[in-house]
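Predicted model, plus sequence, below.
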Amino acid sequence: MSETPQYTLAELCITACSEAFVGDGEVLATGIGVIPRIAASLAMKTSNTELMMTDSEAWMLAEPNPLGDRGDSFVPAKESWMGFSRIFDNVWSGRRHAMLGPTQVDRFGQSNTSALGGTYARPKVMMLGARGFPGNSISHPNSFFVPSHSNRVFVEGECDFVSSIGYNPARLPKGHSLDDIDIRRIVTDLCVMDFGGPDHQARLVSVHPGITVEQVLENTGFEVYVEGDTPVTPAPTQEQLDIIAKMDPHNSRSKQLKDDPPGDRS
Amino acid sequence: MNKEMTAAQVVSELQDGMTIGIGGWGPRRKPMALVREIVRSDLTDLTIVSYGGADVGMLCAAGKVKKLVFAFVSLDFIPLEPYFRQARQSGDIEVMEVDEGMMLLGLRAAAWGCPFIPTQVGLGTDIVSRSDELKIVDSPYDDKEWVAMPALHLDASLLHVDRADRRGVCQIKGPDHYMDDWFARAANKTYVSCDELVPTDTFHADAEARLVHWERSQTTGVIPIAGGAHPTSCTPEYGFDVAHFKEYAGSVKEGGFAAYADKYINGKTEDEYQALVGGLDAIRKLPIPTY
């Protein structure tokens, strides 16, 4: 019997995020932020070797780059140019799956990266702007990583500003179907969710070790569909942990979640 | 043919109320010396179109902006641009918020002489429902509705490139020319600052000519300003100035933009500015960021 390896919550989130790309086939995996990026890299190295990836600048890579300083002798495995204008050609082809971290997510899977509170002419808190969220959400599958699961992120009503389309019948464009929209998976520091409930309702997929279903529900501003016994998010394997360590040699993942908690909090 | 001019001459050709596109992306390859020249000027009521960074923040803080067309404004490693936030949160500026790709379509529509380009981007989002300007249209070919992204006509574009000749041939050797070619094509006049003014035969080799992304007929003026993108990057010449951006972002809490501008911009020449930030040699040594 091999011992279960020790792992951090960040590493559990990476493997849970990585699962989002299984079965995607030959698409550009874009993980924005440390945990989603390592997750996409892990998927490309293991569960979906057909994935494509960029260097987060202007090149496509045949092999994902490790994060941070790679030393002067490192040669990235470039396979094509991929400047920002060409990214949109890829986005609009649908052959992409992005994993992003919006500030608000609502029960429809709509998200907000732009403005909080106040009025649109004078928001209380201005953030980044809509960025590429409108185009991403109507063009290809999207997943979200939420490092701090709370009902401030998972809001009770609609997002203050809807940056990305979700499963909201009231906003469905003419000629489109809710089935055209693909909000694939949400990974948080507490659980994994998707929109596989009745009528695209948010559904609890698994809870992280030591976390209860009640904790998830208490910290989510909208109703989440829970069916039967909710499984526990699988722990990373030793092979996955080894690849994660290679992809993140400076351990940036340890700085992503407050106090870098262990993966099993029971 | 000689299109060489000074930053002051560029600003003298701009007028109050103009719509001005600014090239680059966030903290990367922005024509910051030209932006500083606008900050020093009495230009006002500008509409700015930009993949925004400190260019947008500074122009907002200096009271130059009536309206902003944007998808984001960010310094990347400092995600939220402090003076853009201030301008939005005080309701000081009008906005047209679009998706990054919609901005590209708007520039293309202007470049191609189309009133709009249909796209599904923006459907179902507040980009469209909070806008008075973006219209939804029916298609003559299918039963779907489409966003009609209007042409973003620019009176002028301001760009920064690595190298140019006097005739307006502009070269970008960095890995990404961003949307600069479309900013050049969407504008009536395109003013391009360059790190280095070079003779035309520089571009004769295939590999050099391949990195010229628009025809010289799209370039109105060439402004040689070595280090002119500082504090933004001009890869592969220099990276962005992390310490300077931190000071700039921090100024919002200590003295505001007035203090920053008094220290670095107001009443200063570009040479004096560069001396204050460590000199051109120091700018050229700024490391290229690793992602």
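Right, received. Where do you want to start? Numbering: from 1, shown residues only, chains lettered A, B, ... in the order given.

and the nearest residue to B:Leu197 once chain neighbours are set aside, what does it touch?
Nearest residue to B:Leu197, sequence neighbours excluded (C-beta to C-beta, 6 or more residues apart in numbering or on different chains): B:Pro224, at 4.1 Å. C-betas here are computed from N, CA, C, even on glycine. Neighbouring residues of B:Pro224 by C-beta atoms under 8 Å, 6 or more residues apart in numbering or on different chains: B:4, B:164, B:193-194, B:196-197.

where's stretch A:125-143 relative to the chain centroid, distance-wise?
13 Å (C-alpha atoms, centre = their mean, to the nearest Å).

Burial check on residue 81, number of neighbours?
Using chain A here. By the criterion of other C-beta atoms under 10 Å in any protein chain shown, A:Trp81 has 11 neighbours.

Wait, chain B was what I had in mind.
Neighbours of B:Glu81 using other C-beta under 10 Å come to 33.

Correct me if wrong: it contacts B:Val73.
Yes - between B:Glu81 and B:Val73 there is a contact under C-beta atoms under 8 Å: 4.4 Å.

Identify the contacts common to the two.
With C-beta under 8 Å, 6+ apart as the test, B:Glu81 and B:Val73 both reach B:52-53, B:56-57.

Just grab the bridge partners of the residue nearest to B:Leu197 for me.
B:Cys194 (DSSP bridges).

cool, and the one 10 residues further on?
Taking DSSP bridges, one finds B:Tyr238 as the beta-bridge partners of B:Cys234.

That one contacts B:Lys173, correct?
No - contact criterion C-beta under 8 Å: B:Cys234 and B:Lys173 do not qualify, at 9.3 Å.

Mind listing the shared neighbours of those two?
Residues touching both B:Cys234 and B:Lys173 by C-beta under 8 Å, 6+ apart: B:Asp162.

Now do the biggest helix by length in chain B: everything it contacts.
In chain B, assigned by DSSP state H, the helix with the most residues is helix B:100-112. Contact with helix B:100-112 is made by A:84-85, A:88, A:91-92, A:131-132, A:134-135, B:21, B:49, B:51, B:69-72, B:98, B:114-117, B:119, B:121-122, B:127, B:147, B:149-154, B:179, B:182-183, B:185-186, as judged by C-beta under 8 Å, 6+ apart.

Which of those residues fall in strands?
Secondary structure from DSSP state E places B:21, B:49, B:69-70, B:116-117, B:119, B:147, B:149-150, B:154 of the contacts of helix B:100-112 in strands.

Would you write a ChimeraX line that selects the buried entries of those?
Buried residues within these, by 16 or more other C-beta atoms under 10 Å in any protein chain shown, are selected in ChimeraX with:
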select /B:21,49,69,70,116,117,119,147,149,150,154
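
Going by residue numbers, what spans are strands in chain A?
Using DSSP E, strands in chain A cover A:28-31, A:53-54, A:59-61, A:78-81, A:96-100, A:104-105, A:111-112, A:115-116, A:125-126, A:142-146, A:183-188, A:191-194, A:203-207.

which one of those strands lies closest to B:His230?
Set against B:His230 and scored by C-beta to C-beta, those come closest in strand A:59-61, at 24.9 Å.

Assign a three-state SS to B:Val192, would you?
Recorded secondary structure, B:Val192: strand (DSSP: H, G, I helix; E, B strand; the rest coil).

right, and it touches B:Leu159 too?
Yes - at 4.7 Å, B:Val192 counts as touching B:Leu159 under the criterion of C-beta under 8 Å.

Alright, I will stop here.
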